[in-house]
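>>> Build me a model:
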Amino acid sequence: MALDLTQRRFKPCEGGVEPLRTDQSSALMNALHGDWSISDDGLMIKRKFNFLAYSRTLVFANAVAWIAIVEGHHPVMTVSYDSCAISYTTHAINGLSDNDFICAAKIDRLAVNLN
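Numbering: from 1, shown residues only. Predicted coordinates:
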């Protein structure tokens, strides 16, 4: 990945800024794992992570929760026995922000060593 989003700083977003344009979101998608996708309306990114056992799924979900707490940016997580689906959007601007991609990149880095 040419762009290392994990090194970027999170910026609090309380609204008052424009969501990313489609071209900006597409460029940032190139810095994420290929399993991430943008919703058809362009307002959300999502990825499903698969695991060999429930214990690994829970470890991952708790680590994602820790990233969310530290960054102050919270995903929607759906936890199942052998998978965890993550989606990000920035509710304050009703669309995508840099923060969504920064958090997704940190989750990508985390997921490399979990299976």
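
>>> Using CSV, list the CA coordinates for stretch 19-32.
Taking C-alpha atoms only, stretch 19-32 is exported to CSV below (Å, rounded to 0.1, in the frame of the first residue of the first chain):
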residue,chain,number,x,y,z
PRO,A,19,-18.2,14.2,3.4
LEU,A,20,-15.5,12.8,1.1
ARG,A,21,-16.3,12.9,-2.6
THR,A,22,-16.5,9.6,-4.5
ASP,A,23,-13.0,10.2,-6.1
GLN,A,24,-11.5,10.8,-2.6
SER,A,25,-13.1,7.7,-1.2
SER,A,26,-11.9,5.6,-4.1
ALA,A,27,-8.4,6.8,-3.7
LEU,A,28,-8.4,5.9,0.0
MET,A,29,-9.9,2.5,-0.7
ASN,A,30,-6.7,1.7,-2.6
ALA,A,31,-4.9,1.9,0.8
LEU,A,32,-7.1,-0.7,2.4
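
>>> can you confirm Ile107 is in a helix?
Yes. Using DSSP: H, G, I helix; E, B strand; the rest coil, the assignment for Ile107 is a helix.

>>> Cross-check the contact I'm expecting between it and Ile67.
Yes. Here Ile107 reaches Ile67: they are 6.4 Å apart, a contact under Cβ atoms under 8 Å. Quick note: C-beta positions are derived from backbone N, CA and C, even for glycine.

>>> Tell me which of the two has more neighbours.
Using other Cβ atoms under 10 Å, the more surrounded residue of Ile107 and Ile67 is Ile107, with 24 against 18.

>>> which ones are touching the more buried one?
In this structure, Ile107 makes contact with 47, 64, 67, 86, judged by Cβ atoms under 8 Å, 6 or more residues apart in numbering.
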